[in-house]
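Undergrad: Give me the fold of what follows.
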Amino acid sequence: MKAIFETDDPKEIIQLSKASDMASFIWELTHNGWRVFKDTNYDYHPAWERINELLEEYNINPDELI
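TA: Below is the predicted model of the structure:
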């Protein structure tokens with residue numbers, strides 16, 4: 001696959017070049033991030049609920065990213 005993007009905006013260049021890394025991070029966070037807290041007394045559920053709300057708000061499906 002070949003894609004060509006043209007921009008003079010340095011921030012947009014960084015966002016485009018890091019898109020794959022960001023997708024991998026989102027997938028890892030949503031599928032495995034909670035495991036760090038699984039065997040602790042920390043109630044991670046509210047944080048994961050908020051993460052899922054934001055994913056829905058921004059129409060991001062982690063399973064479509066990888």
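
Undergrad: what helix or strand is Glu12 on?
TA: For Glu12, the host element (DSSP states H and E) is helix 10-32.

Undergrad: Also Ile60?
TA: According to DSSP H and E, Ile60 maps onto no helix or strand at all.

Undergrad: so how many other residues sit close to it?
TA: Using other C-beta atoms under 10 Å, Ile60 has 13 neighbouring residues. Heads up, the C-betas are built off the backbone N, CA and C, glycines and all.

Undergrad: What separation is there between the closest residue to it other than its chain neighbours and Val36?
TA: The shortest distance from Ile60 to any non-neighbouring residue, by C-beta to C-beta, 6 or more residues apart in numbering, is to Ile26 (6.6 Å). Separation of Ile26 from Val36 (C-beta to C-beta, to the nearest Å): 16 Å.

Undergrad: And those two? Which one has more around it.
TA: More neighbours surround Ile26 than the other of Ile26 and Val36, with 18 against 10 (other C-beta under 10 Å).

Undergrad: and the helix holding Glu12, how far out from the chain's middle?
TA: A distance of 6 Å separates the centroid of the chain from that of helix 10-32, by C-alpha atoms, centre = their mean, to the nearest Å.

Undergrad: Remind me what that helix packs against, helices and strands.
TA: Contacts defined by 3 or more C-beta pairs under 8 Å, 6 or more residues apart in numbering; DSSP states H and E place helix 10-32 against helix 45-57.

Undergrad: Now do the buried residues in the helix it packs on.
TA: Ile51 (16 or more other C-beta atoms under 10 Å).

Undergrad: for that helix, the distance to its chain's centre please.
TA: 11 Å.

Undergrad: Could you check the angle that helix makes with helix 10-32?
TA: Orientation of helix 45-57 against helix 10-32 (axes from the mean of the first three to the mean of the last three C-alpha atoms, to 10 degrees) gives an angle of 130 degrees.
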